[in-house]
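Visitor: What follows is a predicted structure for the sequence shown.
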Amino acid sequence: MRKLFFLFLTVLSITTYAQYPVILSQRDQARVIDDLLEDRLRNLLPDLMRREGFDMWVIISREYNEDPVIRTMLPATWFAARRTTMLLVFDKGNELEYMAVSRYDVGKLFKRAWDPDANPDQWAQLGKLISERNPKKIGINKAPHYGHSDGLTSNDYDNLIRVLPKNLQSKVTSAQNLSVAWLETRTEKEMAIYQQICRIAHNIIAEGFSDAVIQPGVTTTDDVVWWYREKIKELKLDTWFHTSVSVQRNEPDAITLKRPQPLVIQPGDLLHVDFGITYLRLNTDTQQHAYILKAGETEVPSYLRDAFKKGNRLQDILTSHFKDGRTGNDILKATRDQAIAEGITPSIYTHPIGNHGHAAGTTIGMWDMQGGVPFTGDYPMHLNTAYSIELNCTVNIPQWKKISVFSLRKMDILIQPDFDTSMGGRLKSLPFQNLFQTPGKSVTRLE
């Protein structure tokens, strides 16, 4: 079957912020995390190892100096590696063998393969297990271009080489692409859950950008920031970065910057939030805008809506160039060329999202690298991955005293194969919409 993309975007009701989906208890979250991990190890990792040509993957980490990969392989009740934790994955041909060179089993699949009483030397036991299996290609997390894939310390690398026989030392090589593939690829179960996680994030933003939180002339940007942080904790969620709320105002930037900080939110302000949550070991990264209605206004001014349409168009151009196997730098160039030809001044930055906020995978531009991103931008895009779209276009608005940069909200885009393009081959442009139309309401959220 020809593979097509389905781009999923969770959107909220335009009349009120929606009720939050059920958020699991800590115990149930742990059960889901362990179920997802077992599914990934059994049904995803074998294909990835064979695709990248490895029959053994060695992952070593010391307590509180965690390899970014090992943290995604620990059970929910483990918050860190214990002492020195060594995980071995070996492809036997018909199935994978999972071993923990550790005092304990590590989760359900990594079975203890070391008895300290019989053999006190943990490193010698690691060398023995590898030698007995005589792998053809041994992957280690030592990589030049992805920090996610560079978790093996120099000391642990030296110890690994020391306990291997000469004929196996030459078979040790970087598992950079394997670890990136492991981190970026979502399973079918994760894809279904991710949509709900995105929905929760959007609901929190909607409540924060409402009259329930913001009283123009009284509420400051910091008040809203800390409301978001408290709401995250109240809902038993975590975050991977500190929320920010900023203001674009119809006055020169120099004046806005000289005002006492944090700013008191006023009618006529265009608010911007950068917000993310962590739930079930998956992260979101979302930006949205809200406009504070002036006295007598019932909707966002038309010139702002028109400016935002250009951001929507840039979004559509970008996602139309998403293709399996295409590099981030190719997508960036094609997008910029088309946008500029259409009279749009673009700035594009799109990064993978998943187990990490700024996750492993292909990078599509950075704000200071619009000509392409070395190395990570040369990595190809793959199916069953997720991206946070960050882009903006500069729009000259005569009604305002400055040229304003309108940043389209970051959207958590899940890329799945085998969906008809009529269901989302390109992301639908979203206009500015009034979230609250009840008389007396003043905060209008901008989709």
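Guide: Thanks, I have the structure now. If you're wondering where the values come from, they're calculated on a predicted model, not measured in any experiment. Numbering: from 1, shown residues only.

Visitor: Residue 97 contacts residue 89, correct?
Guide: Yes. At 7.3 Å, residue 97 counts as touching residue 89 under the criterion of CB atoms under 8 Å. All C-beta atoms are positioned from the backbone trio N, CA, C, and that covers glycine.

Visitor: was I right about residue 181 contacting residue 51?
Guide: Yes. If you go by CB under 8 Å, residue 181 and residue 51 touch, sitting 7.1 Å apart.

Visitor: Tell me which of the two has more neighbours.
Guide: Remark: of residue 181 and residue 51, residue 181 carries more neighbours, 23 against 12, as counted by other CB atoms under 10 Å.

Visitor: Buried residues, the host helix or strand of residue 305. List them.
Guide: Assigned by DSSP states H and E, residue 305 belongs to helix 302-320. Using 16 or more other CB atoms under 10 Å as the test for burial, helix 302-320 gives 304, 307-315, 317-320.

Visitor: do the same with stretch 194-209
Guide: Neighbour-count burial for stretch 194-209 [16+ other CB under 10 Å]: 194, 197-209.

Visitor: domain ranges for the chain?
Guide: Under the assignment automatic domain parsing, the domains of the chain span 6-16+186-446, 45-182.

Visitor: Out of these, name the one with the poorest average pLDDT.
Guide: For these, mean pLDDT drops lowest on domain 6-16+186-446, to a mean of 82.

Visitor: before we move on, the earlier item: which of residue 97 and residue 89 has more residues huddled nearby?
Guide: residue 89 (23 against 16).

Visitor: Residue 388 versus the more buried one, what's the distance?
Guide: According to CB to CB, to the nearest Å, residue 89 and residue 388 sit 29 Å apart.

Visitor: picking that back up, the domains of the chain: which one's closest to residue 39?
Guide: Closest to residue 39 of the domains of the chain, according to CB to CB: domain 6-16+186-446, at 5.6 Å.

Visitor: roughly how far is that closest one from the heart of the chain?
Guide: Remark: domain 6-16+186-446 is offset 13 Å from the chain centroid, using CA atoms, centre = their mean, to the nearest Å.

Visitor: next helix or strand past the helix ranked longest in the chain?
Guide: With secondary structure taken from DSSP state H, the chain has its longest helix at helix 188-208. Going down the chain from helix 188-208, the next helix or strand is helix 221-234, by DSSP H and E.

Visitor: which of the residues in that next one are buried?
Guide: Residues 221, 223-225, 227-228, 231-232 are the ones in helix 221-234 that count as buried (16+ other CB under 10 Å).

Visitor: Same question for stretch 280-296.
Guide: In terms of neighbour count (16+ other CB under 10 Å), stretch 280-296 has its buried residues at 280-293.

Visitor: closest to residue 30 among those residues?
Guide: Out of these, the member with the shortest distance to residue 30 (by CB to CB) is residue 280, at 9.7 Å.

Visitor: isn't that closest one right next to residue 32, touching?
Guide: Yes. Using CB under 8 Å, residue 280 is in contact with residue 32, at 5.7 Å.

Visitor: joint contacts of the two?
Guide: Residues touching both residue 280 and residue 32 (CB atoms under 8 Å, 6 or more residues apart in numbering) are 24, 193.

Visitor: I'd like the buried residues of stretch 280-296 laid out as CSV, including secondary structure and distance to residue 46.
Guide: Below are the buried residues of stretch 280-296 laid out as CSV (DSSP: H, G, I helix; E, B strand; the rest coil; distance: CB to CB, whole Å):
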residue, secondary structure, distance to residue 46
280, coil, 23
281, coil, 21
282, strand, 22
283, strand, 26
284, coil, 29
285, coil, 30
286, strand, 33
287, strand, 37
288, strand, 39
289, strand, 44
290, strand, 46
291, strand, 50
292, strand, 53
293, coil, 56
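
Visitor: ok, which pair from those is furthest apart?
Guide: The largest separation in the buried residues of stretch 280-296, counting by CB to CB, is between 281 and 293 at 39.4 Å.

Visitor: Same list, the buried residues of stretch 194-209, but as CSV with distance to residue 85 please.
Guide: Shown next, in CSV, are those (distance: CB to CB, whole Å):
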residue, distance to residue 85
194, 28
197, 28
198, 32
199, 35
200, 32
201, 32
202, 37
203, 37
204, 35
205, 37
206, 41
207, 40
208, 39
209, 43
